[in-house]
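**Student:** what shape does this take:
(2 chains)
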Number of protein chains: 2
Amino acid sequence: MSRIPVDPARFLSDLHALRRFGGDASSKGVRRRALTEADIAARDWLAERIEEAGLEARIDPLGNVFGLAEGRSLLLGSHSDTQPEGGWLDGALGVIAALEVARAAKEAGGPPISVVSFEDEEGRFGALTGSSVWAGKLSLEAADRLVATDGTGFAQARAALGDRVGEFVDPARFSGFLEMHIEQGPVLHEAGEAIGVVTGIVGLRQVQVTVRGQQNHAGTTPMAHRKDAFTLAARIATALPERFANIVTPQSVWTIGHIVLHPGASSVVPGRAEFSLQWRDIDADRLDRMEAAIMGLLEDVAAESGCEVTSARLRHDLAPMPMDPSMQAALSAAAEAVAPGRWRAMPSGALHDASNLAGLMPVGMVFVPSIGGISHDFAEDTGEDDLVTGLQVLAEAAARLG
Amino acid sequence: MSRIPVDPARFLSDLHALRRFGGDASSKGVRRRALTEADIAARDWLAERIEEAGLEARIDPLGNVFGLAEGRSLLLGSHSDTQPEGGWLDGALGVIAALEVARAAKEAGGPPISVVSFEDEEGRFGALTGSSVWAGKLSLEAADRLVATDGTGFAQARAALGDRVGEFVDPARFSGFLEMHIEQGPVLHEAGEAIGVVTGIVGLRQVQVTVRGQQNHAGTTPMAHRKDAFTLAARIATALPERFANIVTPQSVWTIGHIVLHPGASSVVPGRAEFSLQWRDIDADRLDRMEAAIMGLLEDVAAESGCEVTSARLRHDLAPMPMDPSMQAALSAAAEAVAPGRWRAMPSGALHDASNLAGLMPVGMVFVPSIGGISHDFAEDTGEDDLVTGLQVLAEAAARLG
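**Tutor:** I've put the predicted structure just below:
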């Protein structure tokens, strides 16, 4: 293998240049929702950089931007759309690092490396829409029926791409996919480490729990007569840690992020509580055991209280997605070469486009630290030295794989 | 004293007649919000019944309907407006029972008994608006600034009363006030008792609690790093019973009826939880001790979690309002005479117009059972025998007081 001579200054310059599209005036943050004017302008800018680098720029019918090397190549990239009030690095970092590695490799005469920026990873319309359709997990027809909360349909929005659009790119031309991304969690930052080699993307399950108690007057109903749906919901939430105690690892997580009480008035004993309960783990068996513990708890609370406690899946399960061992090996070797002793293997708690591609080709991911673990927020940031270390690890791994 | 020869059949007939105004087609329920067409038509109907009974009908500028006996008299009554989807007895029972007792007394040549149906007890505009203004607790100017959730102002709504409106009635002409009402709770029904003599109306305090944690990604934030505002809210809710254990009686109540999480998404660790916490008791000292226990719990949760937990009063405290001893004595004697061994003394957990009048004159209240404790619901009901027993107790007490 020969090293790929990346240029950190050029990389950082392009990273800041991309930030200008939708950049917030008073912070580092960005507003660049999928297929908005700012997002399409950023994609045009990226296509120009790709052409300058001597790669073939291609915007597919979804808005995914490719920078194609000739023949069979390794694909690097991420996404350049953002949350409504997003950070400047989420997605953008992986795209610009990919651009720099592909550009430097082209200048150095190889290996052949292609670039991609997927569209709508952040889910203005669906979730990971661009990579889902490209990977064949979602039909274009189904995607076109997706509608953003502002009422814009995906079909209508992507029509704004106009004559930029070329043909779909055949996934078979790529030998594998590497995605560099900010961690979006606190682990690397708190440990003072520079690199996370992702072992897999955690699986996710979610139920909507409904507790049906008895709606009553909050003045005239003695406590002993009450079937208070919120009290039961609170009991479920506080009992989860002990129910999970012999099951979970420090990397298992669970969240009640949304709850609604009916009728939701301060002078009425809640007759119904509905809440989301989501859990994530890298191990499918553990997801099963957590689910069994949850269901056991719901049954126990129902039996003790005489209330109906039901649960329903409101989204598809996401199975844990292990990263390819050869990709992990290349990234680990690269991390040890660039940042010896300052990296770790770790799961990704967040979803990424890489999940969608894992069925098509070998896939690997590498994380850099998020300061304070903050993401999906204008305050999202990463130290410049860590950004450059990430770039170098990505280049080193690409060289080893190329 | 001489008995007042009430006519149960006439009473029940009028009670059903009043139900027709706003009556639901497929249940016993009623929609008769204050100052709607149905409410004003019901007040016209009541004024006609009052005139037929030989009393002076008077609709005051608030829409309160009086049936005035000559000279100084005992006032009986309640309200005839309802909740948006109300029961047929809440308020209406006390008005029609008052009408029957006043009518029968008039026919029997005494004692002099007047009738009232207050306006907007159920709070379309404020809360207990008609009796609050009449009792001088709220200015007419302030009441006129109240606006219903549909945007209708009280001033605009009461203008619909047109030339029905007469002068305000001077409270000084009344020797006392008795209100008969459904219990709106399960105590009498479950005990198989017919009558509750109200000892007082419980006091009420309410705070809005805000827990400020740290909003985070529900996949990338390890449990040990989280400051989950909902988890803390649930801990507060579940810890309340033990904190109250040595303070409360079986008649003390507390309720968390409303909660909002921010941002309220299933994949985001809640950064903020805001919830109402209301408590009621007949004893002001106990309300104080419950408040101290709540504040101690909030401080402890804040200290353990490192999160900010604050509370703010969002409504005025309502002090416990004891009923007049001579009124209680008259009602107790009447209850024992009409339903020996089948009555109890009990506090009222709900607010009533009687609270507002307690500063003006001696006030008493009497309850009849609510089947299943259900109220503020189309399903609200009371057995016909209990309705008649209530009427007879009211008549007996009025005779003793007259």
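
**Student:** lowest-pLDDT helix or strand in chain A?
**Tutor:** The helix or strand of chain A with the poorest confidence is strand A:216-217; it has a mean of 88 (mean pLDDT, DSSP states H and E).

**Student:** who does it touch, helix- and strand-wise?
**Tutor:** Here strand A:216-217 touches strand A:268-269, going by 3 or more CB pairs under 8 Å, 6 or more residues apart in numbering or on different chains; DSSP states H and E. The C-beta positions use only the backbone N, C-alpha and C, and glycine is treated the same way.

**Student:** what pairs with the strand it packs on, and is each one parallel or antiparallel?
**Tutor:** Its sheet considered, strand A:268-269 pairs with strand A:216-217 (antiparallel) by DSSP bridges.

**Student:** if we go by neighbour counts, what in the next helix or strand after the partner strand is buried?
**Tutor:** Proceeding N to C from strand A:216-217, the next assigned helix or strand is helix A:229-244, under DSSP states H and E. Residues of helix A:229-244 classed as buried: A:229-240, A:243-244 (neighbour count, 16 or more other CB atoms under 10 Å in any protein chain shown).

**Student:** CA atoms only for helix A:229-244 - export them in PDB, please.
**Tutor:** Only the C-alpha atoms of helix A:229-244 are listed here, as PDB (Å, rounded to 0.1, in the frame of the first residue of the first chain):
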ATOM      1  CA  ALA A 229     -52.700   6.300  34.600                       C
ATOM      2  CA  PHE A 230     -49.800   8.700  35.200                       C
ATOM      3  CA  THR A 231     -48.900   7.200  38.500                       C
ATOM      4  CA  LEU A 232     -48.700   3.800  36.700                       C
ATOM      5  CA  ALA A 233     -46.600   5.200  33.900                       C
ATOM      6  CA  ALA A 234     -44.200   6.700  36.500                       C
ATOM      7  CA  ARG A 235     -44.000   3.400  38.200                       C
ATOM      8  CA  ILE A 236     -43.100   1.700  35.000                       C
ATOM      9  CA  ALA A 237     -40.400   4.300  34.300                       C
ATOM     10  CA  THR A 238     -38.800   4.000  37.700                       C
ATOM     11  CA  ALA A 239     -39.000   0.200  37.800                       C
ATOM     12  CA  LEU A 240     -37.200  -0.300  34.400                       C
ATOM     13  CA  PRO A 241     -33.600  -0.100  35.800                       C
ATOM     14  CA  GLU A 242     -34.100  -2.900  38.300                       C
ATOM     15  CA  ARG A 243     -35.900  -5.000  35.700                       C
ATOM     16  CA  PHE A 244     -32.900  -4.500  33.300                       C
END
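
**Student:** just how off-centre is the helix or strand following it within its chain?
**Tutor:** Per DSSP H and E, the first helix or strand lying C-terminal to helix A:229-244 is strand A:253-255. Relative to the centre of its chain, strand A:253-255 is centred 16 Å away, using CA atoms, centre = their mean, to the nearest Å.

**Student:** listing partners with orientation, what would you give for strand A:253-255?
**Tutor:** For strand A:253-255, pairing defined by DSSP bridges yields strand A:272-281 (antiparallel).

**Student:** what's the angle between the partner strand and helix A:229-244?
**Tutor:** With axes from the mean of the first three to the mean of the last three CA atoms, to 10 degrees applied, the angle from strand A:272-281 to helix A:229-244 works out at 20 degrees.

**Student:** quick one: which of the buried residues of helix A:229-244 is nearest to B:Gln328?
**Tutor:** Closest to B:Gln328 out of the buried residues of helix A:229-244 is A:Thr231 (34.0 Å), distances taken as CB to CB.
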